[in-house]
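Enquirer: 3D model of this:
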Amino acid sequence: MEIAAALEEEIVFGRLHPRERLIEEELASRFEAKRHIVRQALVELERLGLVERVRNRGAVVRLYSAEIPLT
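Expert: Got it, this is the predicted structure:
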């Protein structure tokens, strides 16, 4: 999915910041897509662990810690 890939790239390269809200309406306008297509992209990003979907708030970029686990 092109929208999910574009958003994934923006998250990975830091153009979208941790805890930044991803508003469906704005994304639909930006990508010239229907809202249900944007929702599918957000579900895909949630599945990948890049986005959290919060009930009654929408989607936000997930916050990752810089800690490296000890093995």
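
Enquirer: contacting residues for H17?
Expert: Counting by C-beta atoms under 8 Å, 6 or more residues apart in numbering, H17 touches V61. (C-beta placed from N, C-alpha, C; glycine too.)

Enquirer: For it, grab phi and psi.
Expert: phi -90, psi 150 (degrees, to the nearest 10).

Enquirer: The one 5 residues further on now?
Expert: Recorded main-chain torsions at L22 are phi -110, psi 100, according to degrees, to the nearest 10.

Enquirer: Could you give the bridge partners of it?
Expert: Beta bridges link L22 to A59 when assigned by DSSP bridges.

Enquirer: which of the residues in stretch 7-16 are buried?
Expert: Using 16 or more other C-beta atoms under 10 Å as the test for burial, stretch 7-16 gives L7, E8, E10, I11, L16.

Enquirer: Please report phi then psi for the second one.
Expert: Recorded main-chain torsions at E8 are phi -60, psi -40, according to degrees, to the nearest 10.

Enquirer: Give me the pLDDT for it.
Expert: Looking at E8, its pLDDT is 95.

Enquirer: close enough to count as contact, it and E46?
Expert: No. Counting by C-beta atoms under 8 Å, E8 does not reach E46; the two are 11.5 Å apart.

Enquirer: Now L42: closest residue in space that isn't a chain neighbour?
Expert: Take L42 and drop its neighbours on the chain: the residue closest to it by C-beta to C-beta, 6 or more residues apart in numbering is A59, 4.7 Å away.
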